[in-house]
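1. Model the following, please.
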Amino acid sequence: MADLAGRWSGIALAAGAILLGVGLLMASFSPASAPPSQRTSAFLLISTILVMLALPAVYARQANAAGLLGLLAHILLEVGLVFLLVYAAAPLLYRSLNEPPGEGPIALFLGTALVVGLLLTSIVTIRAAVFPRWSGILLLGATIGFFFDFFIAEFLPPIAGQIGAAFFGAVVSAALAWMGISMWIQ
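-> Residues are numbered from 1 along each chain as shown. Next up, the predicted model:
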């Protein structure tokens, strides 16, 4: 039964990762001064939910090899993904929203949790060697991309944030889809 749950989680992770990549790519083409479109928000919301539902199976698959650091990474990654849920849900819940989601302590906390969660998850994935090593390396690249996009790109011209979002979307999508496919075929 656990094998079947792991396989289904792998399918959910791969599907969520692909949708997440599409949603982040769509978001990268929208202006930074406007909230994401309804379609972009829907992609991001559905994909984030699928990824969040599948991540416990990722943790379970490598829990023995990952140890306590793996649990901390999993918790921070799940908490950080709430950032994407909030970002995606706001335009869907409040159709009259005309401004992009603002900055504040909650966004800073969730964004920091996502950066640290991605970083620790990439380290754990590389060290545990349960999933392909390159999926962990790609997660490390996604960490750098999100860090740049969240903390640095706001001080640069808007195109830098758009390129950063596209890079983050492509790399995190590839890493998570690779992990999902490896769960599905094992």
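
2. need the strands for this protein, in chain order.
-> Counting by DSSP state E, the chain forms no strands at all.

3. Look through it and tell me its longest helix.
-> Assignment by DSSP state H gives helix 38-93 as the longest helix of the chain.

4. Quick check: which helices or strands does it pack against?
-> Judged by 3 or more Cβ pairs under 8 Å, 6 or more residues apart in numbering; DSSP states H and E, helix 38-93 is in contact with helix 2-29, helix 105-128, helix 158-185. Where you see a C-beta, it was placed from the backbone N, CA and C, and this is true even at glycine.

5. Not counting its neighbours along the chain, what's nearest residue 122?
-> Spatial nearest neighbour of residue 122, chain neighbours left out: residue 139 (3.6 Å); criterion: Cβ to Cβ, 6 or more residues apart in numbering.

6. Would you mind measuring from the one you found to residue 52?
-> Residue 139 sits 16 Å away from residue 52 when distances are taken as Cβ to Cβ, to the nearest Å.

7. which of those two has more neighbours?
-> residue 139 (27 against 18; other Cβ atoms under 10 Å).

8. With respect to residue 37, which of the helices and strands packed on helix 38-93 lies nearest?
-> Closest to residue 37 of those, according to Cβ to Cβ: helix 2-29, at 7.4 Å.

9. one step back: ok and the longest helix of the chain relative to helix 158-185, angle-wise?
-> 100 degrees (axes from the mean of the first three to the mean of the last three Cα atoms, to 10 degrees).

10. Let's have the helices and strands packed on helix 38-93 in JSON lines, adding mean pLDDT, mean neighbour count and distance to residue 61.
-> Shown next, in JSON lines, are the helices and strands packed on helix 38-93 (pLDDT from 0 to 100; neighbours: other Cβ atoms under 10 Å; distance: least, Cβ to Cβ, whole Å):
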{"stretch": "helix 2-29", "mean pLDDT": "88", "mean neighbour count": "19", "distance to residue 61": "6"}
{"stretch": "helix 105-128", "mean pLDDT": "93", "mean neighbour count": "20", "distance to residue 61": "9"}
{"stretch": "helix 158-185", "mean pLDDT": "89", "mean neighbour count": "20", "distance to residue 61": "6"}
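
11. who touches stretch 47-64?
-> Contacts to stretch 47-64, defined as Cβ atoms under 8 Å, 6 or more residues apart in numbering, come from residues 5-6, 9-10, 12-13, 15-20, 22-23, 66, 70-71, 74, 77-78, 81, 84-85, 88, 124-125, 128, 130-131, 176, 179-180, 183.

12. Alpha carbons of that stretch, as CSV, please.
-> This file holds the C-alpha atoms of stretch 47-64, laid out as CSV (Å, rounded to 0.1, in the frame of the first residue of the first chain):
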residue,chain,number,x,y,z
SER,A,47,0.2,23.3,-8.7
THR,A,48,1.2,24.4,-5.2
ILE,A,49,-1.6,22.3,-3.7
LEU,A,50,-0.4,19.3,-5.7
VAL,A,51,3.2,19.8,-4.7
MET,A,52,2.3,20.3,-1.0
LEU,A,53,0.2,17.2,-1.0
ALA,A,54,3.0,15.1,-2.6
LEU,A,55,5.9,16.4,-0.5
PRO,A,56,5.2,14.3,2.6
ALA,A,57,5.9,11.2,0.4
VAL,A,58,9.2,12.8,-0.7
TYR,A,59,10.1,13.2,2.9
ALA,A,60,9.0,9.7,3.8
ARG,A,61,11.0,8.2,1.0
GLN,A,62,14.3,9.7,2.2
ALA,A,63,13.5,10.1,5.9
ASN,A,64,15.9,7.4,7.1
